[in-house]
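Visitor: Fold the stuff below for me.
(2 chains)
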2 protein chains.
Amino acid sequence: MLPLPVLEKAQSELTNYKESGMSVMELSHRSALFTEIIEEAEQHLRELMEIPDNYKVLFVQGGASQQFASVPLNLFGEKGKADYVNTGSWSKKAIKEAEKYGDVRVIASSEDANFTYIPKIEKSMIDPEADYVHITTNNTIEGTAFHEIPDTGDVPLVADMSSNILSERMDVSKLGVIYAGAQKNIGPAGLTVVIVREDLIGKASKSCPVMLDYKTHSDKGSLYNTPPTFAIYMAKLVFEWLKELGGIAEMEKINREKAALLYNQIEASRLFSSPVEKDSRSIMNIPFVSPSADLDVDFISQAKEQGLETLKGHRSVGGMRASIYNAMPKEGVQSLVAFMQNFEDSNQ
Amino acid sequence: MLPLPVLEKAQSELTNYKESGMSVMELSHRSALFTEIIEEAEQHLRELMEIPDNYKVLFVQGGASQQFASVPLNLFGEKGKADYVNTGSWSKKAIKEAEKYGDVRVIASSEDANFTYIPKIEKSMIDPEADYVHITTNNTIEGTAFHEIPDTGDVPLVADMSSNILSERMDVSKLGVIYAGAQKNIGPAGLTVVIVREDLIGKASKSCPVMLDYKTHSDKGSLYNTPPTFAIYMAKLVFEWLKELGGIAEMEKINREKAALLYNQIEASRLFSSPVEKDSRSIMNIPFVSPSADLDVDFISQAKEQGLETLKGHRSVGGMRASIYNAMPKEGVQSLVAFMQNFEDSNQ
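Guide: Now for the predicted structure:
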């Protein structure tokens, strides 16, 4: 989802951006108008996330899946090792990709309980010689999230924040690299944001493709080749919308209210339950189940008739899942909660 | 540039695609509506380019610059070699990147004459053991183009067609791999089209990032991870516009007329001249020079005042350059030609 005011703004200037006679999609990435867009987008993001000056903001392509390779290729150098935390399907993909490039150790995993909790990470678990520690801060399929950033000491912490960036306050200075595909909370698909501490740039292995090397994009202000210009423009509009709303602190407050509505409904329910341990629950992706798979199917199809879409849980876990990213208004969650109550009442 | 009817269509359905209540930017890449978009986009492209059934069409990210690594990583396997033709700055970048992954031989180059011609490629020049031969079919900065596809025998030919795909008829069956960044003739930046013969898929080296492996995208119909959904939708609209226009044969006719207008003006001029050899001239990018750098500067600034934008030649070659991609209407070229005549008349 994207905020409606953002889409309306994009629509109004789609064929003629700032009286240029051109669409943003037609602007050269070297033009003054686009330079302004990308610089403003970066500045907005820096303000919103309070990104320290010794971090670079890169706008790249390929999604988190490409970062699964970029991270080890950039941080391992010629030969390296890293500690990964396995909290579900995205972590697993990240681990599998990193194993191509160096020694990967899984220092904690919640696979023993079907990824229904976030393991506690102690400093003592970390190899002080590791090039980095990797976590997935929010797990879309499993509905779990880290509620505090682990302390990894001198070993840089790398986080895939694709599904909860900009949803709550995060202390960027505790991390070495943050990466996020845009399509949850930033903008349209096709853009990936990488926030990287400067001292971690320039160490890429010789076989790192130039487009995966953070130095390439850092040296050229994300303009080494033509970037996804329209997606960057949309991200800028989303950042502006977030700032007008009151920034991330305000967004977090709204997100917590939205999540509480749903978790309270589930807790009070005699029909629905959450598979996720209480202190590991995500405020972005909220899975829940009824006592039977048949009832789950009924719920999903009846909800769809009411205009409540995409409530089907991922096929690997079944059940239902409500994804309530930043752009989902509180009213959307209220409608879902009301429908859940009705469904429960008629299935006693 | 994008065709205005395409932009207007996109604008009209930007906030509500096909009465879904959602923008294309908000559609899940697994939704029925987006499946229809990506399948239609592929089908249109197959029809337009007459792509044989034993070729896959992949919609990926990263631009041609990423393909400079993807090509060797996919075609070399664990250890490989390739023959490259050097026709300018893009070829050079492709060569430099491929050298990271195997033995690269430059079998022909026009660097001796500042890349003002396309070298003739004979079958005898090609190493029959090479994994592939690589060419850049159109050279944006230098204004040159291959006017026939070289015969490389059994060695697969790989072509960077970023700047002339869809501009003229091409016999796809003569090529092993075609790749093109979208932003010249296909759609907005952030999308890359790869057309690859099936037998060349599945040979990637073990260290190839999963997102650069053609097999990843081929196996999943370009939906391994979230693709650049909006750019694919825009490409579909451009393909529909091209089909309505009469397809590539008609587009080529228009492009040849546009190019002839400009080349005839240059040939007849006593002020302007083309640095490019006659039989190597591009119909997409047309560089020209006046007798002095000062006059070039005057021309560019006066043209800009008339609304004729981006006529400055690349800094590496100087002079002027008119880029007349598919979406540039004939009227745009006529205005430029008229302005050139006026400028010449007042600078006798």
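
Visitor: List, one by one, the residues from the stretch 201-348 of chain A near chain B.
Guide: Neighbours of chain B within the stretch 201-348 of chain A, by CB under 8 Å from any CB of the partner chain: A:206-207, A:209-212, A:224-231, A:234, A:310. Where you see a C-beta, it was placed from the backbone N, CA and C, and this is true even at glycine.

Visitor: repeat that for 6 Å
Guide: Contact residues (CB under 6 Å from any CB of the partner chain) of the stretch 201-348 of chain A with chain B: A:207, A:209, A:210, A:211, A:225, A:226, A:228, A:229, A:230, A:231.

Visitor: Narrow those residues to those that are buried.
Guide: For those, a burial check counting by 16 or more other CB atoms under 10 Å in any protein chain shown picks out A:209, A:210, A:211, A:225, A:226, A:228, A:229, A:230, A:231.

Visitor: could these go into a markdown table alongside pLDDT and secondary structure?
Guide: Listed next are those as a markdown table, based on pLDDT from 0 to 100; DSSP: H, G, I helix; E, B strand; the rest coil:
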| residue | pLDDT | secondary structure |
| --- | --- | --- |
| A:209 | 98 | coil |
| A:210 | 98 | helix |
| A:211 | 98 | helix |
| A:225 | 96 | coil |
| A:226 | 97 | coil |
| A:228 | 98 | coil |
| A:229 | 98 | helix |
| A:230 | 98 | helix |
| A:231 | 98 | helix |
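
Visitor: number of nearby residues for the residue of the stretch 51-200 of chain A found nearest chain B?
Guide: Closest residue of the stretch 51-200 of chain A to chain B, CB to the nearest CB: residue A:190 (3.0 Å). Residue A:190 has 29 neighbours, counted by other CB atoms under 10 Å in any protein chain shown.

Visitor: Need the pLDDT of it.
Guide: pLDDT for residue A:190: 97.

Visitor: can I see the domain layout of chain A?
Guide: A:4-245, A:247-346 (automatic domain parsing).

Visitor: which of those sits most buried?
Guide: domain A:4-245 (a mean of 20; mean count of other CB atoms under 10 Å in any protein chain shown).

Visitor: so how far is the first residue of that domain from its last?
Guide: The straight-line separation of the ends of domain A:4-245 (CA to CA, to the nearest Å) is 13 Å.

Visitor: Tell me the gap between it and the middle of its chain.
Guide: Remark: domain A:4-245 is offset 8 Å from the chain centroid, using CA atoms, centre = their mean, to the nearest Å.

Visitor: Look up phi and psi at the residue sitting nearest the centre point of chain A.
Guide: With distances taken as CA atoms, centre = their mean, residue A:162 lies nearest the centre of chain A, 1.9 Å away. With angles defined as degrees, to the nearest 10, residue A:162 sits at phi -50, psi -40.

Visitor: Do I have it right that it meets residue A:181?
Guide: Yes: assessed by CB atoms under 6 Å, residue A:162 is found in contact with residue A:181 at 4.4 Å.

Visitor: which neighbours do the two share?
Guide: Counting by CB atoms under 6 Å, 6 or more residues apart in numbering or on different chains, the shared contacts of residue A:162 and residue A:181 are residue A:64.

Visitor: quick one, longest helix in chain A?
Guide: Taking DSSP state H as the criterion, chain A has its longest helix at helix A:247-268.

Visitor: ok, back up a step: could you point out which of the domains of chain A sits nearest residue B:45?
Guide: Residue B:45 lies closest to domain A:4-245 among the domains of chain A, at 18.2 Å (CB to CB).

Visitor: was I right about residue A:326 contacting residue A:187?
Guide: No: Residue A:326 sits out of contact with residue A:187 when judged by CB under 6 Å, with a separation of 11.0 Å.

Visitor: Helices of the stretch 151-300 of chain A, residue ranges please.
Guide: Counting by DSSP state H, counting those that start in this stretch, the stretch 151-300 of chain A has helices at residues A:214-219, A:229-245, A:247-268, A:293-305.

Visitor: next one: the stretch 1-150 of chain A
Guide: Under the criterion DSSP H, counting those that start in this stretch, helices of the stretch 1-150 of chain A are mapped to A:4-12, A:32-49, A:63-75, A:89-98.

Visitor: What helices and strands are in contact with the shortest one?
Guide: For helix A:4-12, the packing partners by 3 or more CB pairs under 6 Å, 6 or more residues apart in numbering or on different chains; DSSP states H and E come out as helix A:229-245.

Visitor: Name the residues that touch the helix it packs on?
Guide: For helix A:229-245, the surrounding residues in contact (CB under 6 Å, 6+ apart) are A:3, A:6, A:9, A:24-25, A:29, A:34, A:37-38, A:40-41, A:44-45, A:48, A:59, A:186-188, A:190-191, B:188-190.

Visitor: residues contacting the spatially closest residue to residue A:164 that is not a sequence neighbour?
Guide: Spatial nearest neighbour of residue A:164, excluding adjacent residues (CB to CB, 6 or more residues apart in numbering or on different chains): residue A:138 at 3.6 Å. Shown in contact with residue A:138 (CB under 6 Å, 6+ apart): A:145, A:163, A:164, A:282, A:284.

Visitor: Which phi and psi values does the last one adopt?
Guide: Read that as residue A:284. Torsion angles, degrees, to the nearest 10, at residue A:284: phi -100, psi -40.

Visitor: these two touch, right, it and residue A:165?
Guide: No: here residue A:284 lies out of contact with residue A:165, judged by CB under 6 Å, at a distance of 10.0 Å.

Visitor: list residues touching both of those two?
Guide: With contacts defined as CB under 6 Å, 6+ apart, no residue is shared by residue A:284 and residue A:165.

Visitor: quick revisit: mind checking the helices of the stretch 1-150 of chain A for the one nearest to residue B:157?
Guide: Shortest separation from residue B:157 across the helices of the stretch 1-150 of chain A is recorded for helix A:63-75, at 27.3 Å, computed as CB to CB.

Visitor: helices and strands around the closest one, which ones?
Guide: Applying 3+ CB pairs under 6 Å, 6+ apart, we find helix A:63-75 packed against helix A:89-98, strand A:177-181.

Visitor: Let me have those in JSON lines, extended by mean pLDDT and distance to chain B.
Guide: Output for the helices and strands packed on helix A:63-75, formatted as JSON lines (pLDDT from 0 to 100; distance: least, CB to the nearest CB, whole Å):
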{"stretch": "helix A:89-98", "mean pLDDT": "98", "distance to chain B": "6"}
{"stretch": "strand A:177-181", "mean pLDDT": "98", "distance to chain B": "7"}
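
Visitor: Switch these over to TSV; also include distance to residue B:177.
Guide: Output for the helices and strands packed on helix A:63-75, formatted as TSV (distance: least, CB to CB, whole Å):
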stretch	distance to residue B:177
helix A:89-98	24
strand A:177-181	27
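
Visitor: For residue A:132, which of these is the nearest?
Guide: strand A:177-181 (7.4 Å).

Visitor: Show me what that closest one is in contact with.
Guide: With contact meaning CB under 6 Å, 6+ apart, strand A:177-181 is reached by A:63-64, A:67, A:158-159, A:161-162, A:165, A:192-196.
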